[in-house]
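# With the sequence up front, the predicted model follows.
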Amino acid sequence: MPTSGGKSLCYQIPAIALGGNAVVISPLIALMNNQVEFLKSRGVRAVTVNANSNKQELDNLENQWINGDIDILYLSPEKVLTLKFLSILSKKNASLFAIDEAHCVSQWGHDFRPEYLGLHELKSRWPNIPMIALTATATPATRKEIVQKLGLRSPQIYISSIKRENIRYQIVERSVPNKQLLEFINNNHKNEPGIVYCLTRMKCERIATYLKKNGINAQAYHAGLEAEERKSIEEEFMHSNSLVVVATVAFGMGIDKPDVRFVAHIEMPRSVEHYLQETGRAGRDGKPATAWLAYGLSDVIQHYKFIYASFAPIEQKERMMQKLFSMLGVCETKLDISEQLMSYFGETKGQMPTPSKKESSHLVDCTRYAQMLMSTIFWLEHNHKQRFGCGYIISILLGKLNDGRILQNGHEKLSTFGIGKDLSEIQWSRIMRNLLIYEYVIFDIEGYCTLALTKKSKPLLKGEVGLHIPNLYSK
C-alpha cells in the first residue's frame, strides 16, 4: 500500500471494532506519539510508552490494560518483548497485534532492524490472536520473508497499487546542484511547502543557507540540532504554507503534512524503497505534487562507503549494493519512472517497461567506449597489479596530466591514455554508471571504491554483446 494510502486505518478500525486492547508495534517514536495524540483528539483511548516512563506510570498502564481501558497500545519492538510487557499481555489477551513498517523484519528489506526478528515470539505465545503486518515498501521477496519471519500461517495478502497519480516524477543528472534545485523550486513551487533531502548534516546547512540567500523560506533540520529547535521547525513546517525544510532522511517519518507540494533529493537515495517512501510524503492531499531528484556517480560512491563502513554481515552488504544499483538503474534508464517503480514492487509481474520508439531512438551504441574503459581496468589490474577508482580511470581515458598520480605511476604510457578525448567527463561518467548497473564492473569488496571486472565483462570486451545507453550526447 502506498505511503498515505491509509495503512493506519487498517489496524485502527479493527482495533476499535474488536473492543480495544490492540497492540501496535512501530519503530518510529515520533509517529507513535503523533498517532496517540491524534487518536485521543478523536476520543480513542490510545497510549504509548517512552524511555522516561517511571514505575508508577507502568503500573497504571498495566491496570488500564487489565481493566480494558485501552483501545490501542503503541509499543516499540524492543519494548513489547520485555518481560514486563509480556507479563502484562499475558494477564489480558490482546485483541489484535499490528506490525507497522513490517519490512523491517526482512533482510531483503531496505531498512532491516534485528529487533523485529523477535516479534515471531508474539505469534508463538498467542497463536490465535489475529496479526496484521503493514508496509508501503515490500518487493515480492520481502513479502515472502515477512510472512516467514513473523510466523504467519497462510495469511491473506492484500496489495494495492503503489502508483500515485498526482505525483510527477522528475530525475535529472546533477551538474550544478544548488542552481538546479533553486531553478526547480522557483519554476515549479515558488512559495510552497516542500522537503529537500540531503545525505549529510553539513549539506543540509549549506543548501538551506543557499536557498535563504536566494529568497526561499528554508530551514535546515538534522540530528545535530537541539531537540527544542527540531520540534520548533516541525511545528512551523506543519502550519506553514511556504517553508522548505532541508533535512536528512529521518525527517518526515513522524510528520503527517498533507500539503507538501514537492520532495526533492539533492543526492540519490540508497534504494528504490527509500525513494518511494520519501517521495511518498509529497501530495498526500491528492493535489498535484512533484518528486524531483538530481543524481550523479559520486552518490553511488558515497553510498558504497556508507554500506561497507557499516557493521552489517557481508551478505547484507551485498543485498544493499544490489538495491543501490537498482536505484541507479531507475535514474539511468530514462523510462517512465512510475512504471519502473510498479515493476520493481511486482505489480507488473516482473516485466520491466520497454522503451518507446522515441526512447529507443536515443539509445547510443557505447560498446567501443565500454571496451576502452574496461581494458584500462584490466591492464592496471593484471599488468600492474593495481586497482583504481572511477575518477582515476576516467582521467586516464581523457589524458589528464593534472592528476599527479598518473605521472607518478607512469600511467601516461598506457595504450588507453588519452584514447577517450572525444567524450567529456560527464559522458564517461554515464558510461561508467551503466557498466556498474549491468555488473560488467564492480567495486572491490574491501570498501575502497576501486574497480574490478566481473565474469560478465568478458563477452563485452570481446564484442560478443554490446552496451547501449540512453542520451549519451544530451546536455
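Sure thing, it's come through. Numbers count the residues shown, from 1 in each chain.
# Would you agree Leu89 is in contact with Val23?
Yes: between Leu89 and Val23 there is a contact under CB atoms under 8 Å: 7.1 Å. For glycine as for every other residue, the C-beta is placed from the backbone atoms N, C-alpha and C.
# Return every residue with contacts to both of those two.
Val80 (CB atoms under 8 Å, 6 or more residues apart in numbering).
# For my notes, confirm Met415 occurs in a strand.
Quick fix: residue 415 reads Ser, not Met. No: secondary structure of Ser415 (DSSP: H, G, I helix; E, B strand; the rest coil): coil, not part of a strand.
# show me what contacts it?
Taking CB under 8 Å, 6+ apart, we find Ser415 in contact with Trp379.
# now the helix or strand where Val245 lies, how far from the chain's geometric center?
Remark: Val245 resides in strand 244-247, with elements defined by DSSP states H and E. Distance, stretch centre to chain centre, for strand 244-247: 17 Å (CA atoms, centre = their mean, to the nearest Å).
# which residues make contact with that strand from outside it?
In contact with strand 244-247 (CB under 8 Å, 6+ apart) are residues 185, 193-198, 204, 207-208, 211, 216-222, 233, 237, 251.
# Can you name the element that comes right after it?
Counting by DSSP H and E, the next helix or strand C-terminal to strand 244-247 is strand 262-265.
# State the mean pLDDT of that following strand.
Averaging pLDDT along strand 262-265 yields 98.
# and that strand, which strands flank it?
strand 194-197 (parallel), strand 289-295 (parallel) (DSSP bridges).
# following that strand, which helix or strand shows up next?
Next element after strand 262-265 (DSSP H and E): helix 272-279.
# quick check: angle from that next one to strand 289-295?
130 degrees (axes from the mean of the first three to the mean of the last three CA atoms, to 10 degrees).
# mind listing what's buried in stretch 250-268?
Buried positions in stretch 250-268, judged by neighbour count with 16 or more other CB atoms under 10 Å: 251-255, 257, 260-268.
# Repeat that for stretch 375-384.
Neighbour counts over stretch 375-384 (16+ other CB under 10 Å) mark Ser375, Thr376, Ile377, Phe378, Trp379, Leu380, Glu381 as buried.
# could you give me the average pLDDT of it?
pLDDT averaged over stretch 375-384 gives 91.
# what's that stretch in contact with?
So stretch 375-384 is contacted by 386-388, 393, 396-397, 409, 411, 414-416, 441, 451-453, 461 (CB under 8 Å, 6+ apart).
# Distance-wise, check Cys449 relative to Leu435.
14 Å (CB to CB, to the nearest Å).
# for Gly194, what are its contacts?
With CB under 8 Å, 6+ apart, Gly194 has these contacts: Ile185, Val244, Val245, Val260, Arg261, Phe262, Val263, Ala264, Ala282.
# Glu425 too?
Residues Ile394, Leu398 are the ones in contact with Glu425 under the rule CB under 8 Å, 6+ apart.
# Got the phi and psi for it?
phi -60, psi -40 (degrees, to the nearest 10).
# likewise Glu173?
Torsion angles, degrees, to the nearest 10, at Glu173: phi -80, psi 130.
# what residues are up against it?
Contacts of Glu173 by CB under 8 Å, 6+ apart are Ala294, Tyr295, Gly296, Ile426, Arg430.
# can you redo these as TSV with neighbour count and pLDDT?
Formatted as TSV, those follow (neighbours: other CB atoms under 10 Å; pLDDT from 0 to 100):
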residue	neighbour count	pLDDT
Ala294	23	97
Tyr295	23	96
Gly296	18	93
Ile426	15	92
Arg430	23	94
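# Helices along the stretch 51-200 of the chain, start to end?
55-66, 77-80, 83-91, 120-125, 140-150, 177-188 (DSSP state H, counting those that start in this stretch).
# again with the stretch 201-350 of the chain
Taking DSSP H, counting those that start in this stretch as the test, the helices found in the stretch 201-350 of the chain are 201-213, 227-239, 272-279, 297-309, 314-333, 337-344.
# Let me see the mean pLDDT of the longest one.
Rounded to a whole number, the mean pLDDT of helix 314-333 is 89.
# rewinding a little: and Leu89 and Val23? Which one has more around it.
Neighbours per residue, other CB atoms under 10 Å: of Leu89 and Val23, the larger number sits with Val23, 25 against 21.
# how much space between that one and Pro14?
Counting by CB to CB, the gap from Val23 to Pro14 is 12 Å.
# what do you get for Lys149?
22 Å.
# cool, and Gln219?
Per CB to CB, Gln219 is found 39 Å from Pro14.
# Those two - which one has more neighbours?
Neighbour totals were compared for Gln219 and Pro14, and Gln219 leads with 20 against 15 (other CB under 10 Å).
# I'd like the distance between the more buried one and Ala250.
15 Å.
# tally of neighbours for the residue lying closest to Ile157 once chain neighbours are set aside?
Of all residues not flanking Ile157 in the chain, Arg143 sits nearest, at 6.7 Å (CB to CB, 6 or more residues apart in numbering). Using other CB under 10 Å, Arg143 has 22 neighbouring residues.
# if we can go back for a sec, deepest-packed of the strands paired with strand 262-265, please.
Stretch with highest mean neighbour count among these: strand 194-197 (a mean of 26; mean count of other CB atoms under 10 Å).
# can you list the domains in this structure?
As given by the TED database, the domain ranges for the chain are 8-150, 167-345, 363-470.
# Residues in contact with stretch 387-404: which ones?
Residues outside stretch 387-404 that contact it (CB under 8 Å, 6+ apart): 297, 301, 372-373, 376-377, 380-381, 405-407, 411-412, 414, 416-421, 423, 425, 428-429, 432, 444, 448-452.
# Now, of those, which are buried?
297, 372-373, 376-377, 380-381, 406, 411, 414, 416-417, 419-420, 423, 428-429, 432, 449-451.
# So which of those residues sit within strands?
Among these, DSSP state E puts Leu451 in strands.
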